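Trainee: have a look at this prediction, sequence included:
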Number of protein chains: 2
Amino acid sequence: MMSEDNKVSTYQFVAEPFHVDFTEKLTMGVLGNHLLNCAGFHAAERGFGIATLNENHYTWVLSRLAVEMEEMPRAYEKFSIQTWVENVYRLFTDRNFAILNQEGKPIGYARSIWAMISMETRKPADLLALHGGKITDYICKKECPIDKAGRVKITEQTPCFEYQVKYGDIDLNGHVNSIKYIEHSLNLFPLEMFREKSLRRFEVAYVAESYYGDKLSFYREQINENEFDIEIKKNDAEVVVRSKVIFN
Amino acid sequence: MMSEDNKVSTYQFVAEPFHVDFTEKLTMGVLGNHLLNCAGFHAAERGFGIATLNENHYTWVLSRLAVEMEEMPRAYEKFSIQTWVENVYRLFTDRNFAILNQEGKPIGYARSIWAMISMETRKPADLLALHGGKITDYICKKECPIDKAGRVKITEQTPCFEYQVKYGDIDLNGHVNSIKYIEHSLNLFPLEMFREKSLRRFEVAYVAESYYGDKLSFYREQINENEFDIEIKKNDAEVVVRSKVIFN
């Protein structure tokens, strides 16, 4: 039986001046990138990181991410991110995060769902068999008081924006980076939105991969004053990403 | 007389997995952002950083940047950046950088030119009068063996790309972030360019500011097999940025 201490890791950050938006709040894209890095650090430190997995030709794939913030770190402020594994199933694992301000008070939380795939067959792997099932040793019951991501269903037929995937969108995996979808989706909103409101919650489900040169079409549907659903399709066909944006 | 030791600062970095491109090399945009941060740290530590200046309603403005890399840090590699002040004139200061690999060997250098402006009048301030002329105490003769940026003159009349400035382009100063111009400019090149060649040098001159909603037009001219000049105009009129990209 492992102590709870070894299950949660905490990583320190500073909101860099050019990682904040015009309201001086950290951008959701940068925060998302930090979350992914923390997931990587936490896994690597416990023997199920990408470097270890890659030797066995497996890699982690982010399936869903939901981030909910009461407030965002401001330019030059220190903050920290805690992460832990909430659950492990055969094909998915739930990893949660808490974002703490410089006084150590939680200012937000995030939930993520990951799968592991074989880099040769692109097929999902059995997480319970991974590393002799050791990943289950790290399951931790720490509280994550935000909702799980819901279903997003778009009926809108006319894209509000189209975009051809470029060099800078492609990451070391050779596909469009998960964070880029968040950034492109937030770019659908006018500047006034971010001046008048705060981005409270961002949910994203990664459904398929997209690649260099793909045409991405963005469909946006307003659910209520502060809530928007977004669907991204590639090449007028397959859904790539579904997300929900909630301001307040 | 100050010792040379106090004139150069060194900052440590790691090439984060999602800060590299599909070839697993650190992107020029991320490197540029690190350089700007190092400039900020170095100045702040010596009493002429933005926070100190802002009290007196002044801020630093980047006028030119030239980065030349023999090789780029790869995903997960550690590297460090050294920075120092090469010269101080009345209206401009030259700040240089060395980028070192994890063994401490220089793998590239950068030159930058900065002005200081009043945030009220937007007019340039006299750097020799700043902080009682103390900035000149930090002038350092450390070698920076790369060329200064040259002149870029574009004759091409047809833009190869047009782009409307979006939320994510705007930084805490309320204008398009300097790094975003670098990223948009590199996105003009096809993926194959980065597969077949390495980005050796990027020069950029910031001529004017652009804002949310501006239409940016990108004009590109090929100088020789590996060299391209780029000009960005806003709203079919004013030149905003001129840059040069050299592959090898």
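Mentor: Received the coordinates, thanks. This is a predicted model, so every value here is computed, not measured.
Trainee: low-scoring stretches of chain A, by residue?
Mentor: A:1-4, A:55 (pLDDT under 70).
Trainee: which residue ranges make up the domains of chain A?
Mentor: With domains defined by automatic domain parsing, chain A comprises A:4-138, A:161-247.
Trainee: how about the ones you listed in TSV, adding mean neighbour count and distance to chain B?
Mentor: To be clear about C-beta, it is placed using only N, CA and C from the backbone, and glycine gets the same treatment. TSV is the format used below for the domains of chain A (neighbours: other C-beta atoms under 10 Å in any protein chain shown; distance: least, C-beta to the nearest C-beta, whole Å):
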stretch	mean neighbour count	distance to chain B
domain A:4-138	18	4
domain A:161-247	18	4
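Trainee: nearest to B:H131 among those would be which one?
Mentor: Evaluated over the domains of chain A, closeness to B:H131 peaks at domain A:4-138, with 20.1 Å, by C-beta to C-beta.
Trainee: how far is the closest one from where the chain is centred?
Mentor: Distance of domain A:4-138 from the chain centroid (C-alpha atoms, centre = their mean, to the nearest Å) equals 8 Å.
Trainee: one step back: need the domains of chain A in TSV (columns: distance to B:S80).
Mentor: Shown next, in TSV, are these (distance: least, C-beta to C-beta, whole Å):
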stretch	distance to B:S80
domain A:4-138	17
domain A:161-247	22
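Trainee: so A:V241 bridges to which residues?
Mentor: For A:V241, the beta-bridge partners under DSSP bridges are A:Y206, A:I232.
Trainee: to B:N96, which of the domains of chain A lies closest?
Mentor: Using C-beta to C-beta, the domains of chain A put domain A:4-138 closest to B:N96, at 20.1 Å.
Trainee: in its sheet, what does the helix or strand A:R220 falls within sit against?
Mentor: Element membership for A:R220 (DSSP states H and E) is strand A:215-224. Sheet partners assigned to strand A:215-224 using DSSP bridges are listed as strand A:161-164 (antiparallel), strand A:227-234 (antiparallel).
Trainee: let me see the ranges of the helices in chain A.
Mentor: A:28-45, A:50-55, A:178-186, A:191-196 (DSSP state H).
Trainee: closest to B:K233 out of those?
Mentor: Once the helices of chain A are compared by C-beta to C-beta, helix A:191-196 is nearest, at 21.3 Å.
Trainee: please name the nearest non-neighbouring residue to A:L62.
Mentor: Residue nearest to A:L62 in three dimensions, not counting chain neighbours: A:S178, with 5.3 Å by C-beta to C-beta, 6 or more residues apart in numbering or on different chains.
Trainee: same deal with A:A51?
Mentor: Among residues not flanking A:A51 along the chain, A:A44 sits closest, at 6.3 Å (C-beta to C-beta, 6+ apart).
Trainee: residues contacting that neighbour?
Mentor: A:I50, A:A51, A:T52 (C-beta atoms under 8 Å, 6 or more residues apart in numbering or on different chains).
Trainee: quick one on the thing from earlier: of the domains of chain A, which approaches B:R64 most closely?
Mentor: domain A:4-138 (17.4 Å).
Trainee: give me the contacts around the strand holding A:R220.
Mentor: Here strand A:215-224 has contacts from A:154-165, A:176, A:184-185, A:188, A:210, A:228-236, A:240, A:244, using C-beta under 8 Å, 6+ apart.
Trainee: now stretch A:165-172
Mentor: Contacts to stretch A:165-172, defined as C-beta under 8 Å, 6+ apart, come from residues A:176-177, A:180, A:210-216, B:17-18, B:20-22, B:24, B:27, B:29, B:75, B:183, B:186-187, B:189-191, B:193-194.
Trainee: chain center to that stretch: distance?
Mentor: Distance of stretch A:165-172 from the chain centroid (C-alpha atoms, centre = their mean) equals 17 Å.
Trainee: also stretch A:184-200?
Mentor: 18 Å.
Trainee: can you give me the end-to-end distance of that stretch?
Mentor: 17 Å (C-alpha to C-alpha, to the nearest Å).
Trainee: also stretch A:99-115?
Mentor: Using C-alpha to C-alpha, the two ends of stretch A:99-115 sit 23 Å apart.
Trainee: what bridges to the residue most central in space within chain A?
Mentor: By C-alpha atoms, centre = their mean, the mean C-alpha position of chain A lies nearest to A:L65, the distance being 3.9 Å. Note on A:L65: beta-bridge partners A:S112, A:V204, judged by DSSP bridges.
Trainee: A:I146: what's it in contact with?
Mentor: A:I146 touches A:A66, A:E68, A:Y109, A:A110, A:R111, A:R201, counting by C-beta under 8 Å, 6+ apart.
Trainee: change it to 7 Å
Mentor: A:A66, A:E68, A:Y109, A:R111 (C-beta atoms under 7 Å, 6 or more residues apart in numbering or on different chains).
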